[in-house]
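In: Give me a 3D structure for the following:
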Amino acid sequence: MIINIKLHPSSSQEKIVKIGDTENDYEVWISTKPIDGKANEELCKVLKKFFKAKEVKIKSGMTSRIKRVEILE
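Out: Below is the predicted model:
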């Protein structure tokens, strides 16, 4: 499954919210700062736990707040 993420790093809270009418658009808030890819690593951990997935891969948007992510169940 491919999903679209709008990431909010350096947030005071951590949460995931589905946005829009489609089931593939989410906003994610994480407390990790976007330094040396640490926010991307944390995003993968949070999504893996949320979707109970085996693996999570960022397909595009490694340096952007807008990302396309593949969830492997």
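In: From now on I want contacts and neighbour counts done on CA atoms only, so please keep to that.
Out: Noted.
In: contacting residues for Ile5?
Out: If a contact means CA atoms under 8 Å, 6 or more residues apart in numbering, then Ile5 has Asp25, Tyr26, Glu27, Val28, Arg65, Ile66, Lys67, Arg68, Val69 as its contacts.
In: partners of the host helix or strand of it in the sheet?
Out: Secondary structure assigned from DSSP states H and E places Ile5 in strand 2-8. According to DSSP bridges, the neighbouring strands of strand 2-8, each with its direction, are strand 25-29 (parallel), strand 66-72 (antiparallel).
In: got a list of contacts for the last one?
Out: This means strand 66-72. The list of residues contacting strand 66-72 from outside it, by CA under 8 Å, 6+ apart, reads 1-7, 48, 51, 53-61.
In: For the residue nearest the centre of the chain, grab phi and psi.
Out: In the chain, the C-alpha closest to the average C-alpha coordinate belongs to Leu43, at a distance of 4.4 Å (CA atoms, centre = their mean). Comment: the main-chain dihedrals of Leu43 come out as phi -60, psi -50, following degrees, to the nearest 10.
In: so what's it closest to, chain neighbours aside?
Out: Of all residues beyond its chain neighbours, the one nearest Leu43 is Ile30 (7.3 Å), with distances taken as CA to CA, 6 or more residues apart in numbering.
In: how many other residues sit next to the one you found?
Out: If you count neighbours by other CA atoms under 10 Å, Ile30 ends up with 21.
In: Alright, that wraps it up for me.
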